[in-house]
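A.B. asks: model the structure of this input:
(one chain, ligands or ions: 2)
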Amino acid sequence: MENSKKSGRVRGLEPEGAQPNRHVHAVPAQDLLLDQNADECVYGPTCICLDLSFGAKHANMSDLSRTVPKEQLPSEDLHPLPMPVINLGHLGLDSATRSRVVDDIAKVCRELGYFQVINHGISQSVMDCALEAASEFFKLPSETKENFASEDLRRPVRYDTSSKDSISMSREFLKHYSHPISEWIQYWPQEPPIYRKYIGKYAAEVRRVALQLMEAILEVLGLGKEYMNEKFHEGSQLLSVNCYPKASQSATTIGLAPHSDYGFLTILLTSCRGLEVVDPSSNIWKRVQQLPHALHVHIGDHMEVLSNGRMKTVVHRALLNPEEARISIASIHGFALHEKVTCAKELVDEENPPKYKESSFSDFLDHLTANMDNKHRNFLESLRM
Ligand SMILES: O=C(O)CCC(=O)C(=O)O
Ligand SMILES: [Fe+2]
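C.D. replies: Ligands and ions are numbered 1, 2, ... in the order given. Now for the predicted structure:
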């Protein structure tokens, strides 16, 4: 990452092909399996870190966060991304257990910025129903969907395609505010009839998970409860509901161009594979594979700001899936629209001067509006001091 900054390149924004997935399947799958025991990743046997050149780089996690049964790991494909798994159910146990899990969350947030959570308390049927409602929405006739189209990024619900960035031409999306739900749900699509019920249920549940994670992260950053009570409980939730067609031979494989999310945390639910993240230790794209019933979490720009650079935003993109059309629902959590995010005063001193200017979600929307045509200008870069 540092190297890319020095060379003046913006992380993750190189044109397609500039950061080849050179580690994906670089070693035949069987060889990796045979070698696995020789140098097991410190994340333990449940880590799907099968590219050994990356596995050894990560700090140790407690056993509590390695509890996905081996037989549940995806078997048909191997992927090289070390993917830590946090068992959220353990946060509610005794204080010693809780503090070990909190330590695990601290490590992954500082070192990688992404992880997956299991035992999060959202049932498979709630997740499946949300994906189904989203999928049904995108099957509606274009005229119906375009009723939600708008150039105004502040509209409570907005339908569009990503074609303006001229990279991700084939993605359709619906974005809407989701918290407080009683305020926003009236603007959500009424068709398909299941949309409000199923997406509403998922939105409320995923917000609970985000608050749980946020509480743990504030604890590790040594930040007081007032952040939680005053800023996050009153905070915003934006759902970005995406639909990508199946990859075709002729078109680009990029479904969504590289970017980082503006908020503190993003929790992502997807119907199938397609997400890639830039691995901070190697600065190359890594394919993310979803564990059964897990949700993918990553750190956003405002977390990097609040933590004064201790935690880094994650650059990610979506590729089209060659086998099927894909739905993803990104739930992005932040402060309220006009609430400014600053580097926490507790994390600023003579040795660590503030690295970023203050900004709000509203400032982010202004930034996007002002840079509609400039796809290389990223929000976090604009905040750097
Ligand atoms: O579709 C995905 O996997 C990623 C979606 C995403 O990054 C977003 O909506 O911000
Ligand atoms: Fe994103």
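
A.B. asks: what is the burial count for Ser170?
C.D. replies: Around Ser170 sit 21 other residues, with neighbours defined as other CB atoms under 10 Å. Glycine gets a C-beta too; all of them are placed from N, C-alpha and C.

A.B. asks: and it, that one's in a helix?
C.D. replies: No. The assignment for Ser170 (DSSP: H, G, I helix; E, B strand; the rest coil) gives coil, which keeps it out of a helix.

A.B. asks: hmm, it is touching Gly255, no?
C.D. replies: Yes. Applying CB atoms under 8 Å, one finds Ser170 in contact with Gly255, separated by 6.6 Å.

A.B. asks: what is in contact with these two at once?
C.D. replies: Counting by CB atoms under 8 Å, 6 or more residues apart in numbering, the shared contacts of Ser170 and Gly255 are 244, 320.

A.B. asks: residues from the chain in reach of ligand 1?
C.D. replies: If contacts are counted using CB under 6 Å from any ligand atom, the residues of the chain sitting beside ligand 1 are 240, 242, 256, 261, 268, 270, 274-275, 316, 318, 328, 330.

A.B. asks: and the two most separated of the residues you listed?
C.D. replies: Maximum pairwise distance among those (CB to CB): 16.1 Å, between Asp261 and Gly274.

A.B. asks: how about low-confidence regions in this structure?
C.D. replies: By pLDDT under 70, the low-scoring segments of the chain are 1-81, 163-169, 249-251, 373-377.

A.B. asks: how about the strands in it?
C.D. replies: According to DSSP state E, the chain carries its strands in the segments 85-87, 114-118, 157-161, 172-179, 236-244, 254-259, 265-270, 275-278, 285-287, 295-299, 316-319, 326-334.

A.B. asks: looking at these, which is closest to Glu346?
C.D. replies: Nearest to Glu346 among the strands of the chain is strand 295-299; the distance by CB to CB comes to 18.3 Å.

A.B. asks: for the residue nearest to Thr313 when sequence neighbours are not counted, grab the count of nearby residues.
C.D. replies: Counting by CB to CB, 6 or more residues apart in numbering, Ser260 is the residue found nearest to Thr313 once chain neighbours are left out, at 4.1 Å. Neighbour count for Ser260, taken as other CB under 10 Å: 25.

A.B. asks: next one: stretch 286-306 to chain centre, how far?
C.D. replies: The chain centroid and the centroid of stretch 286-306 are separated by 4 Å, computed with CA atoms, centre = their mean, to the nearest Å.

A.B. asks: with just CA atoms, put it into CSV.
C.D. replies: Taking C-alpha atoms only, stretch 286-306 is exported to CSV below (Å, rounded to 0.1, in the frame of the first residue of the first chain):
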residue,chain,number,x,y,z
LYS,A,286,-7.9,-11.0,-3.9
ARG,A,287,-11.1,-12.9,-4.6
VAL,A,288,-13.4,-13.2,-1.6
GLN,A,289,-15.2,-16.4,-1.0
GLN,A,290,-18.2,-16.4,1.2
LEU,A,291,-18.4,-19.0,4.0
PRO,A,292,-21.8,-20.6,4.5
HIS,A,293,-24.2,-18.3,6.4
ALA,A,294,-21.4,-15.7,6.9
LEU,A,295,-21.6,-12.0,6.2
HIS,A,296,-18.6,-10.1,4.8
VAL,A,297,-17.5,-7.0,6.7
HIS,A,298,-15.1,-4.3,5.7
ILE,A,299,-13.8,-1.0,7.0
GLY,A,300,-14.8,2.2,5.3
ASP,A,301,-13.2,5.7,4.9
HIS,A,302,-14.8,7.3,8.0
MET,A,303,-13.4,4.5,10.2
GLU,A,304,-9.9,5.4,8.8
VAL,A,305,-10.6,9.0,9.7
LEU,A,306,-12.0,8.4,13.2
